[in-house]
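# next comes the sequence, and after it the predicted model I'd like to discuss.
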Amino acid sequence: MKNLIVYFFVIAISCSSQMKNKSDKNVTNTDENDLFKIAKIDSINSFYIIYCTKDEQNYKIISKKEDEKYKFEKINESEYYSFELTNFPDYSNSDNPLTGFSSIEPCFMLDKDTQICKEQGIKGLYTTKNLKGLYYIK
């Protein structure tokens, strides 16, 4: 009888630890459908252009090159990341959007030497606070 009680106790502990491991996996594994896949990383003058896809849509993210090396993960092509995108140019911070860039203009000046253009098949131009240069910040 004592052995039977110990046997049931061991089974109960084993089952509860397996249930805990399954629930932990669901929390830590992020669905790839919620992430952007880096297709290509390019650069022009002092900016990185990151081409990525999500939900069969193509995006173009602009990130200013940084001299400083961050203690964060550097993004890589073919990897998945979570980004919070902001339209470029961002009119939400402007009191009068008519004085900024025109939303119908295909190209924008990032600085005096760098022009970037919208491309056919790409949803739009974006920036994100999740990147400093090519370093991913969660």
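Arrived safely.
# and the helices in this protein?
2-28 (DSSP state H).
# what segments of this structure are strands?
With strands called from DSSP state E, the chain shows them at 36-44, 47-54, 57-64, 73-74, 80-81, 85-87, 107-111, 114-117, 125-128, 131-132, 135-136.
# shaky segments in this structure?
In the prediction, the chain carries residues with pLDDT under 70 at positions 1-33, 90-105.
# switch the cut-off to 80
For the chain, applying pLDDT under 80 flags the ranges 1-33, 67-70, 89-106.
# list the contacts of K123.
57-60 (Cβ atoms under 8 Å, 6 or more residues apart in numbering). In this view, the C-beta of every residue, glycine as well, is placed from N, C-alpha and C.
# before we move on, what about L35?
54, 80-82.
# let me know the closest of those to C107.
Comparing the contacts of L35 against C107 with Cβ to Cβ places K54 closest, at 24.1 Å.
# that closest one bridge partners, please.
Using DSSP bridges, the bridge partners assigned to K54 are Q57.
# that one against A39, yeah?
No. Counting by Cβ atoms under 8 Å, no contact exists between K54 and A39, whose distance comes to 10.4 Å.
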